[in-house]
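Enquirer: here is a sequence with its predicted model. Questions after.
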Amino acid sequence: MSEITRVPLQPIGKGALGKLWLGVMAAALAAGGIAWAAKPPMVNVATLTAGEGPSPTLDDVVIVNYKGTLADGKVFDQGQAPFPLKGVIPGFTMALQQMQKGGKYKVQIPSELGYGEKGIGPIPPNADLTFDVEVMAIMNAEQFQMMQQMQAMQQMQGARPGGQPGDRPGDRREELRAGPPPQGR
């Protein structure tokens, strides 16, 4: 039979246990601080009116009514526009993915997920942004491109010189079928 080596344990001195616990607590607080500092910035999306249906994906285009304001309440942009999720600031992409058609939302985007240190136009550097958003439609990129092409074709047909409805092809069919106007005798 083999013999086991014995290691004598030293007694713990007075106050050593308290110091051990203080060390453990300091390590836990330091780890928590590092985790808090490493936490990525997030957008805040408040639902004012719930929408219906699926939320958009990164491959979708969302048509919205929106108003963007700075922290002091100054409006920097507003209107109705299509936003491809892959083509907007990261914070707006994150927010749109939480929305549904017909919904109204208030979105707060920290500067790190907006325009950051560079700013743009009326938006100063390091500006947090707030948006009021109403989702009008959600469609995939292919559907959106088809809709744009159809609108462009309609505009081309209606934008002929003179601008008279009868000047467009097909509007004078009835006149052509009737033949030439009668000549006076």
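Expert: Ah, there it is. Predicted, not measured: the structure shown is a model, and the values here were computed from it. Numbering: from 1, shown residues only.
Enquirer: ranges for the strands of this protein?
Expert: When assigned using DSSP state E, the strands of the chain occupy the ranges 44-49, 60-69, 75-84, 104-109, 129-140.
Enquirer: adding distance to residue 121 and mean pLDDT, write those strands out as TSV.
Expert: C-beta coordinates here come from the backbone N, C-alpha and C atoms, glycine included. TSV is the format used below for the strands of the chain (distance: least, CB to CB, whole Å; pLDDT from 0 to 100):
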stretch	distance to residue 121	mean pLDDT
strand 44-49	23	95
strand 60-69	11	95
strand 75-84	7	94
strand 104-109	16	97
strand 129-140	12	95
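Enquirer: how about the ones you listed in TSV, adding distance to residue 5 and mean neighbour count?
Expert: Converted to TSV, the strands of the chain look like this (distance: least, CB to CB, whole Å; neighbours: other CB atoms under 10 Å):
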stretch	distance to residue 5	mean neighbour count
strand 44-49	61	12
strand 60-69	68	19
strand 75-84	70	13
strand 104-109	64	19
strand 129-140	67	19
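Enquirer: closest to residue 90 out of the ones you listed?
Expert: Checking those against residue 90 by CB to CB gives strand 104-109 as the closest, at 8.6 Å.
Enquirer: what does the closest one contact?
Expert: For strand 104-109, contacts defined as CB atoms under 8 Å, 6 or more residues apart in numbering pick out 43-49, 51, 89, 91-92, 95, 98-99, 128-135.
Enquirer: cool, stretch 141-153 as well?
Expert: So stretch 141-153 is contacted by 59, 60, 61, 82, 84, 139 (CB under 8 Å, 6+ apart).
Enquirer: please repeat the previous calculation with a cut-off of 6 Å.
Expert: For stretch 141-153, contacts defined as CB atoms under 6 Å, 6 or more residues apart in numbering pick out 59, 61.
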